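Asks: Okay, structure incoming, though there's no sequence with it:
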């Protein structure tokens with residue numbers, strides 16, 4: 001696959017991050033990450049794009065892209081199946097370069113959180129087992145060699161499942177968290193570029209290390225996977241996931257610790273989003289500059 005780089009550059013040049021519907025090239029938002037937004041562009045219907053507006057120049061965007069490609073290579077080596085992908089680097093202004101990751105598009109009903117809602121009881125069990133097995137293939141990879149240590153954000157919306165072919169894909173590859181000989185390959189300061197300058201010291205001191213390190217830890221990843229079911233309003237599946245995870249590991253989970261984790265995680269990301277919305281207001285009405293990040297509306301957590 002090869003996305004149309006000229007079209008992506010034109011899209012970025014005409015994009016209004018605060019009102020994508022008013023932008024020059026028709027598109028719609030279909031999701032949000034902590035540092036990215038997920039976009040469908042009408043003229044490229046077979047692809048979805050993750051927009052990463054966080055780089056001061058071409059060189060830093062290229063370095064991030066290279067880190068991303070190495071992360072994807074390692075995930076595949078660990079045994080995960082990834083979607084077809086590519087990338088485009090778009091120059092927005094003298095001090096802002098935007099990286100777009102392009103991925104093959106899956107039908108919405110195949111994305112993990114929606115799959116959980118529609119799969120029959122007979123189909124549900126193998127799907128959950130496939131997700132858990134895929135997560136543990138990462139930990140097994142980390143154990144069988146000493147050079148690399150992979151992290152994974154395993155929440156259920158980060159997977160796509162085609163039950164007809166029984167193929168499971170990991171789709172959240174745009175934040176390349178991995179270590180080489182114990183050294184983190186992702187510059188944590190890049191994550192902070194989406195946070196307002198007045199809030200970065202707080203986030204850096206109290207939250208950043210915890211948020212990055214949790215995805216390297218087996219039990220934390222399992223708890224995060226299960227706790228995310230609260231956000232997805234799939235509470236009834238929490239005991240099911242806990243039971244199946246506990247069959248896989250000696251690091252047993254219980255509902256009390258999952259609920260406690262979810263409460264803390266909800267606070268962290270609600271605070272982060274509130275700071276970003278205030279920063280958007282400052283850019284719009286005080287600094288009189290365009291705010292370059294696309295933010296979600298109210299998120300049910």
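Replies: Right, received. Where do you want to start? Predicted model only: the values in this text are computed from it and were never measured.

Asks: Residue 284: what's it in contact with?
Replies: 18, 291 (C-beta atoms under 8 Å, 6 or more residues apart in numbering). To be clear about C-beta, it is placed using only N, CA and C from the backbone, and glycine gets the same treatment.

Asks: Compute the distance between it and residue 54, please.
Replies: Computed as C-beta to C-beta, to the nearest Å, the residue 284 to residue 54 distance reads 19 Å.

Asks: One more: residue 140?
Replies: When distance is defined by C-beta to C-beta, residue 140 is 32 Å away from residue 54.

Asks: More neighbours: which of these two?
Replies: Each of residue 140 and residue 54 had its neighbours counted (other C-beta atoms under 10 Å), and the higher figure belongs to residue 54 (22 against 12).

Asks: Could I get the pLDDT score of the more buried one?
Replies: As predicted, residue 54 sits at a pLDDT of 84.

Asks: Helix, strand, or coil at it?
Replies: Per DSSP: H, G, I helix; E, B strand; the rest coil, the local secondary structure of residue 54 is strand.

Asks: pLDDT at the closest residue to it other than its chain neighbours, what is it?
Replies: Counting by C-beta to C-beta, 6 or more residues apart in numbering, residue 193 is the residue found nearest to residue 54 once chain neighbours are left out, at 4.3 Å. Note on residue 193: pLDDT of 80.

Asks: pull the longest helix from the chain.
Replies: Among the elements of type helix in the chain, defined by DSSP state H, the one spanning the most residues is helix 255-285.

Asks: From the chain's centroid, how far away is stretch 258-271?
Replies: 17 Å (C-alpha atoms, centre = their mean, to the nearest Å).

Asks: Give me the buried stretch members for it, please.
Replies: Within stretch 258-271, the residues that count as buried by 16 or more other C-beta atoms under 10 Å are 258, 261, 262, 265.

Asks: ok, now stretch 191-211?
Replies: Of all the residues in stretch 191-211, those buried under the rule 16+ other C-beta under 10 Å are 191, 192, 193, 194, 195, 196, 199, 200, 203, 207, 208, 211.

Asks: mind listing what the last one touches?
Replies: Shown here is residue 211, whose contacts under the criterion C-beta under 8 Å, 6+ apart are 191, 268.

Asks: That one and residue 180, how far apart?
Replies: Distance of residue 211 to residue 180, computed by C-beta to C-beta: 20 Å.

Asks: With residue 210 instead?
Replies: When distance is defined by C-beta to C-beta, residue 210 is 22 Å away from residue 180.

Asks: ok, which stretches of this protein are helices?
Replies: Counting by DSSP H, the helices of the chain are 5-14, 58-78, 112-118, 121-144, 188-192, 197-203, 209-213, 218-231, 238-246, 255-285.

Asks: export these to CSV and tack on distance to residue 89?
Replies: What follows is those, written out as CSV (distance: least, C-beta to C-beta, whole Å):
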stretch, distance to residue 89
helix 5-14, 8
helix 58-78, 5
helix 112-118, 29
helix 121-144, 28
helix 188-192, 15
helix 197-203, 25
helix 209-213, 24
helix 218-231, 31
helix 238-246, 38
helix 255-285, 23
